[in-house]
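Novice: please find the sequence and the predicted model below.
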Amino acid sequence: MSRRRLAGLMALGALALTASYPPFTLPVLSFFAVTPAVLLVRQCATDADPRRAFRWGFWYGVVTQGCVLYWLVVALWHFTKLAALGYLATIAVLGLWTGALFWFTVRVRLRFPRAPLALVLPLAWTALEWVIGHQGDVRFPWLGLGTSLADAPVLVQWADLAGARGVTWWLVWCNVLVAEGLLALPAWRLMARRLAPVLVTLALALGYGVWRQRTLPVRVAGVVGLVQPNIGYGEKWEAPGDSIIAITLALSRRVRAQARPALIIWPESAVPGYLVQRPTWDAAIGAFVAEGHTPVLTGAVHVEYTAGGYSTYNAAFFYDSTGRWRGWPVYEKHYLVPVVERVPFVPAAWFRKVPWLDRWSGGFGRGQTLPLYPSSVGRFGVIICYESIFEDLARGYRRAGADFLVNITNDGWYGRTAGPYQHASHLVMRAIENRMGVARAANTGITEFVDPLGHAYDQTTLGREAVVADQLRTSDVVPLYVRLGDWVGLLSVLATLGFGGALVVQEWKGSAD
């Protein structure tokens, strides 16, 4: 393959994959977006060159993820002037993983030529998504391929059976068959045989989706109010905290007067500091709640003191109808943004000894519990910010008996990039997987509701002060995915390990001979 054709395929792959995700609404691209990757893998397998597969895979990963995640430069700029380095490090690591994916797939194909690419590549791709979501302090499963169909919820209703990773497996399988069909041209009959299974499964997915949308018992839980104060990133830390609390309370009074909601939700870090250290803020929020007997959930920083010191947490506080929060557990964020909220793998104190690294020394503690909070609209669990990309938290809440899910976030650091739209799209999959309604309060947008069929409604625009009040819709159905967990991801990992073990055995036998 010439360098020009190689560059063209990588550019096409980057363009197609980027346009598969929000803010674009082109679900058809999901069935073609990774065909350039399939063609690159096939070429390397034909040439019997796993090393070239790794090189091509690395650059394919760097180029595609570099385009999809370009907003990282904007987001990290709020924290450090080394933003570009953080961005490059992220896409380089993802590129290494993609290189390993290409290398592994080609090695399996060369050793076991009867193993079809339509089996090996979906297994390895899905296993890689699982690994990226489980790599300790630097886990970052942002935008799995399955999430690219969040803009076509009718096609992913079967995620209540297999989860988002089941959709990923299917899409990679479809892309392999589409690529093989295109390569079969001008043999039209052969191309039709390759594409027929894709069309059949597409019809099945559509049929299941239409049936589920017609038959799922969706109920109205009650009115919930969402507050979007639109406090800019710089303003949040530079403006007087009293004025920020006053703005948020004024918006809350407005939504209470307009709709009399059963619950009001403020965004992540709506309280700009340690709540336990600001009794006047605590008293003001408590008085507002007690005045109207309307519970409030708000994000704030929490601190816990121990004999050996203290720990801080990005947290959520629930004020019950009496205006008190101390009778309820504080939700402490489980999954922390690498570097920004927690330095990966090393104690934060090490970084704080070097002044210019202090901005890279996020030292939040990691929460361990999943408390459920009561309200007249039902019991709910909380996820903060990008915890929406981790499917296990929402599933854990549903297993524990949650009626709906609350996501509080502050997306102000994304600016007006694709980041906020990509971020919100994950909730479509969480709603379908768990058949739970979702209420999302975002500081600068997107604030919205998502019903248990994955349909978003009452979405706000970015960068505007707003309040939203509407009926939260949810369901009492506990789907198979909640009961079985991420079985597609786990089976893909086990199957990939099986192929890897077979490769090792074959290598050992070859060296012994």
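Specialist: That came in fine, so what should we check first? Being a predicted model, the structure only gives us computed values, none of them experimental.
Novice: how about the contacts made by the spatially closest residue to G273 that is not a sequence neighbour?
Specialist: Leaving out its chain neighbours, the residue that sits closest to G273 by C-beta to C-beta, 6 or more residues apart in numbering is G241, at 5.8 Å. (Glycine included, C-beta is placed from N, CA and C.) Neighbouring residues of G241 by C-beta atoms under 8 Å, 6 or more residues apart in numbering: 271-273, 278, 281.
Novice: looking at these, which gets the smallest pLDDT?
Specialist: In terms of pLDDT, the lowest of the contacts of G241 is G273, showing 87.
Novice: my read: it touches G299, true?
Specialist: No. Assessed by C-beta atoms under 8 Å, G273 is found out of contact with G299, at 11.5 Å.
Novice: could you check how far the closest residue to D470 other than its chain neighbours is from L128?
Specialist: Distances taken as C-beta to C-beta, 6+ apart place D458 nearest to D470, at 4.9 Å, with adjacent residues excluded. Look at D458 and L128: by C-beta to C-beta, to the nearest Å, they are 36 Å apart.
Novice: same check, this time on I389
Specialist: Counting by C-beta to C-beta, the gap from I389 to L128 is 15 Å.
Novice: can I get the contacts of G241 in CSV including neighbour count?
Specialist: What follows is the contacts of G241, written out as CSV (neighbours: other C-beta atoms under 10 Å):
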residue, neighbour count
V271, 22
P272, 23
G273, 16
R278, 18
W281, 22
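Novice: wait, a strand at L405?
Specialist: Yes. According to DSSP: H, G, I helix; E, B strand; the rest coil, L405 belongs to a strand.
Novice: what sits against it?
Specialist: So L405 contacts 380-383, 394, 397, 430-431, 434, 436-439 (C-beta under 8 Å, 6+ apart).
Novice: re earlier: between D458 and L128, which is the more surrounded one?
Specialist: Taking other C-beta atoms under 10 Å, D458 and L128 do not tie; L128 has more neighbours (21 against 16).
Novice: from the contacts of G241, pick the one nearest A315.
Specialist: Each of these was checked against A315 using C-beta to C-beta; the closest is V271, at 9.7 Å.
Novice: ok, for the closest one, nearest residue in space, not its chain neighbours?
Specialist: Excluding the flanking residues, the one nearest V271 by C-beta to C-beta, 6+ apart is A300, at 3.6 Å.
Novice: list the contacts of the one you found.
Specialist: A300 makes contact with 269-271, 273-275, 315-317, according to C-beta under 8 Å, 6+ apart.
Novice: where does pLDDT dip in the stretch 401-513 of the chain?
Specialist: 512-513 (pLDDT under 70).
Novice: what segments of it are helices?
Specialist: 419-434, 480-484, 487-512 (DSSP state H, counting those that start in this stretch).
Novice: quick check: which of those helices is nearest to T90?
Specialist: helix 419-434 (13.2 Å).
Novice: got phi/psi on I384?
Specialist: Dihedral pair for I384: phi -110, psi 130, per degrees, to the nearest 10.
Novice: how far away is the residue nearest to it when sequence neighbours are not counted from A439?
Specialist: Once flanking residues are discounted, I384 sits nearest to K333: 4.5 Å by C-beta to C-beta, 6+ apart. Distance, K333 to A439, using C-beta to C-beta: 18 Å.
Novice: what about L216, how many neighbours?
Specialist: Counted with other C-beta under 10 Å, residues neighbouring L216 total 17.
Novice: what about stretch 439-454, how long is it end to end?
Specialist: From its first residue to its last, stretch 439-454 covers 12 Å (C-alpha to C-alpha, to the nearest Å).
Novice: report the distance from that stretch to the chain centre.
Specialist: The chain centre lies 14 Å from the centre of stretch 439-454; the measure is C-alpha atoms, centre = their mean, to the nearest Å.
Novice: where along the stretch 301-450 of the chain do the strands fall?
Specialist: For the stretch 301-450 of the chain, applying DSSP state E, counting those that start in this stretch gives strands covering 309-319, 331-332, 380-384, 404-409, 437-442, 448-450.
Novice: as CSV, those strands with distance to V200 would be great.
Specialist: Shown next, in CSV, are those (distance: least, C-beta to C-beta, whole Å):
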stretch, distance to V200
strand 309-319, 45
strand 331-332, 44
strand 380-384, 36
strand 404-409, 34
strand 437-442, 32
strand 448-450, 30
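Novice: so which of the ones you listed gets nearest L195?
Specialist: The closest of the strands of the stretch 301-450 of the chain to L195 is strand 448-450. By C-beta to C-beta, the value is 33.0 Å.
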